[in-house]
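K.L.:
Provided below are the primary sequence and the corresponding predicted coordinates.
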Amino acid sequence: MTNNKTHKVTIRFTNEEFEKLQAQSKNAGMLKSEFIRSAIFSVNVIAKMTDEERKILRTLFGVATNLNQIAHKANAQVEFLTLSIELQNTRREIDAIIEKFNKK
């Protein structure tokens, strides 16, 4: 088996991190480099949200607040027609948010 690893990356550890790396790689029966490669490629990193996604999320939180207010009004037995209109408007907002996410 040929060693085709041609790229080198330097990484710094605190004493505590390095000791933990040594212990875990030893327990796994692996070289530190093998252990690190294994750890890197066995996780799924979730990217940070974009500004647009954060904006959509804030909008969604606003819609959730509206839904809570509607539920409160429903519990207070506000006129049904008013409640129905508010629910329809909120549903449209949610549909628009979902559509934005689906376009990504």
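P.N.:
Okay, I see it.
K.L.:
which residues are contacting stretch 65-74?
P.N.:
82-83, 86-87, 90, 93 (C-beta atoms under 8 Å, 6 or more residues apart in numbering). C-beta coordinates here come from the backbone N, C-alpha and C atoms, glycine included.
K.L.:
can you mark which positions in that stretch are buried?
P.N.:
66-67, 70 (16 or more other C-beta atoms under 10 Å).
K.L.:
send me it as PDB with only the CA atoms.
P.N.:
The C-alpha trace of stretch 65-74 is given here as PDB (Å, rounded to 0.1, in the frame of the first residue of the first chain):
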ATOM      1  CA  THR A  65     -45.100  34.800  18.600                       C
ATOM      2  CA  ASN A  66     -48.200  35.600  16.500                       C
ATOM      3  CA  LEU A  67     -49.400  32.000  16.800                       C
ATOM      4  CA  ASN A  68     -49.100  32.200  20.600                       C
ATOM      5  CA  GLN A  69     -51.100  35.400  20.600                       C
ATOM      6  CA  ILE A  70     -53.800  33.800  18.400                       C
ATOM      7  CA  ALA A  71     -53.900  30.800  20.800                       C
ATOM      8  CA  HIS A  72     -54.200  33.200  23.700                       C
ATOM      9  CA  LYS A  73     -57.100  35.000  22.000                       C
ATOM     10  CA  ALA A  74     -58.700  31.600  21.200                       C
END
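K.L.:
sec struct for the most centrally placed residue in the chain, please.
P.N.:
Taking C-alpha atoms, centre = their mean, the centroid of the chain lies closest to Ile46, which sits 6.0 Å from it. Using DSSP: H, G, I helix; E, B strand; the rest coil, the secondary structure recorded for Ile46 is coil.
K.L.:
so for it, what's the pLDDT?
P.N.:
On pLDDT, Ile46 comes in at 81.
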